[in-house]
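Asks: need a structure here:
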Amino acid sequence: MESEALRLQLSRCAESLDDPTRARGELQRLRDLGSAEAEFAAALFNIELARRGDADSRTHLATHAGVLLTFWRDGSGDALAN
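Replies: Residues are numbered from 1 along each chain as shown. Down below sits the predicted model:
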(Lines give C-alpha, C1' and ligand atoms only; values in the text may rest on other atoms or scores of the structure.)
Protein backbone atom coordinates (compact mmCIF):
# COMPACT_ATOMS: atom_id res chain seq x y z
CA MET A 1 0.00 0.00 0.00
CA GLU A 2 1.95 2.91 -1.27
CA SER A 3 -0.42 5.83 -1.46
CA GLU A 4 -1.92 7.91 1.28
CA ALA A 5 -5.18 7.97 -0.71
CA LEU A 6 -5.33 4.18 -0.53
CA ARG A 7 -4.66 4.16 3.21
CA LEU A 8 -7.35 6.76 3.80
CA GLN A 9 -9.91 4.92 1.68
CA LEU A 10 -9.15 1.59 3.39
CA SER A 11 -9.82 3.27 6.71
CA ARG A 12 -13.08 4.76 5.43
CA CYS A 13 -14.19 1.34 4.17
CA ALA A 14 -13.40 -0.31 7.49
CA GLU A 15 -15.34 2.39 9.36
CA SER A 16 -18.38 1.93 7.13
CA LEU A 17 -18.84 -1.83 7.48
CA ASP A 18 -21.75 -1.43 9.89
CA ASP A 19 -23.65 0.64 7.30
CA PRO A 20 -23.91 -1.33 4.02
CA THR A 21 -25.26 1.65 2.06
CA ARG A 22 -22.32 3.83 3.08
CA ALA A 23 -19.93 0.91 2.61
CA ARG A 24 -20.97 0.45 -1.02
CA GLY A 25 -20.13 4.09 -1.72
CA GLU A 26 -16.79 3.82 0.06
CA LEU A 27 -16.01 0.60 -1.81
CA GLN A 28 -16.73 2.29 -5.12
CA ARG A 29 -14.31 5.08 -4.21
CA LEU A 30 -11.76 2.41 -3.28
CA ARG A 31 -12.17 0.63 -6.63
CA ASP A 32 -11.93 4.00 -8.41
CA LEU A 33 -8.33 4.27 -7.18
CA GLY A 34 -7.57 1.69 -9.87
CA SER A 35 -4.75 -0.19 -8.19
CA ALA A 36 -4.38 -3.92 -7.65
CA GLU A 37 -4.28 -3.28 -3.89
CA ALA A 38 -7.59 -1.41 -4.08
CA GLU A 39 -9.25 -4.16 -6.13
CA PHE A 40 -8.00 -6.85 -3.74
CA ALA A 41 -9.15 -4.92 -0.66
CA ALA A 42 -12.56 -4.16 -2.19
CA ALA A 43 -13.14 -7.87 -2.76
CA LEU A 44 -12.23 -8.62 0.86
CA PHE A 45 -14.52 -5.87 2.16
CA ASN A 46 -17.37 -7.13 -0.03
CA ILE A 47 -16.93 -10.65 1.32
CA GLU A 48 -17.03 -9.25 4.85
CA LEU A 49 -20.25 -7.39 4.02
CA ALA A 50 -21.71 -10.64 2.68
CA ARG A 51 -20.68 -12.41 5.89
CA ARG A 52 -22.49 -9.70 7.85
CA GLY A 53 -25.65 -10.34 5.85
CA ASP A 54 -25.65 -7.62 3.17
CA ALA A 55 -27.95 -8.93 0.43
CA ASP A 56 -26.18 -7.14 -2.44
CA SER A 57 -22.78 -8.46 -1.42
CA ARG A 58 -24.21 -11.95 -1.00
CA THR A 59 -25.72 -11.78 -4.48
CA HIS A 60 -22.30 -11.01 -5.95
CA LEU A 61 -20.28 -13.27 -3.64
CA ALA A 62 -19.06 -15.47 -6.50
CA THR A 63 -17.74 -12.40 -8.32
CA HIS A 64 -15.88 -11.15 -5.23
CA ALA A 65 -14.44 -14.60 -4.58
CA GLY A 66 -13.40 -14.80 -8.23
CA VAL A 67 -11.40 -11.58 -7.88
CA LEU A 68 -9.55 -13.03 -4.90
CA LEU A 69 -9.02 -16.31 -6.74
CA THR A 70 -7.41 -14.44 -9.63
CA PHE A 71 -4.90 -12.85 -7.24
CA TRP A 72 -4.24 -16.22 -5.64
CA ARG A 73 -3.69 -17.92 -8.99
CA ASP A 74 -1.28 -15.29 -10.30
CA GLY A 75 0.68 -15.38 -7.06
CA SER A 76 0.15 -11.74 -6.07
CA GLY A 77 -2.44 -12.36 -3.36
CA ASP A 78 0.04 -13.10 -0.57
CA ALA A 79 1.99 -9.90 -1.17
CA LEU A 80 -1.22 -7.84 -1.34
CA ALA A 81 -2.56 -9.40 1.84
CA ASN A 82 0.65 -8.55 3.68
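
Asks: alpha carbons only for contacts and neighbour counts from here, please
Replies: OK.

Asks: From the rest of the structure, what touches the helix or strand encompassing residue 70?
Replies: When elements are defined using DSSP states H and E, residue 70 is found to belong to helix 61-74. Identification of contacts with helix 61-74 by Cα atoms under 8 Å, 6 or more residues apart in numbering yields 39-40, 43-44, 46-47, 50, 77-78.

Asks: now residue 13: how far from residue 75?
Replies: 25 Å (Cα to Cα, to the nearest Å).

Asks: List the buried residues of the helix holding residue 70.
Replies: Along helix 61-74, the positions that meet the burial threshold by neighbour count (16 or more other Cα atoms under 10 Å) are 61, 64, 67-68, 71.

Asks: Take those residues and write them to a markdown table, including distance to residue 7 and pLDDT.
Replies: Written out in a markdown table, the entries for those read as follows (distance: Cα to Cα, whole Å; pLDDT from 0 to 100):
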| residue | distance to residue 7 | pLDDT |
| --- | --- | --- |
| 61 | 24 | 94 |
| 64 | 21 | 94 |
| 67 | 20 | 92 |
| 68 | 20 | 91 |
| 71 | 20 | 88 |
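
Asks: quick check, nearest of the residues you listed to residue 26?
Replies: Ranking the buried residues of helix 61-74 by separation from residue 26, with Cα to Cα as the measure, puts residue 64 on top at 15.9 Å.

Asks: returning to that earlier point: just the buried subset of the contacts of helix 61-74, written out for PyMOL, thanks.
Replies: Applying 16+ other Cα under 10 Å to those leaves a buried subset, and the PyMOL line that selects it is:
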select buried, resi 39+40+43+44+46+47+50+77
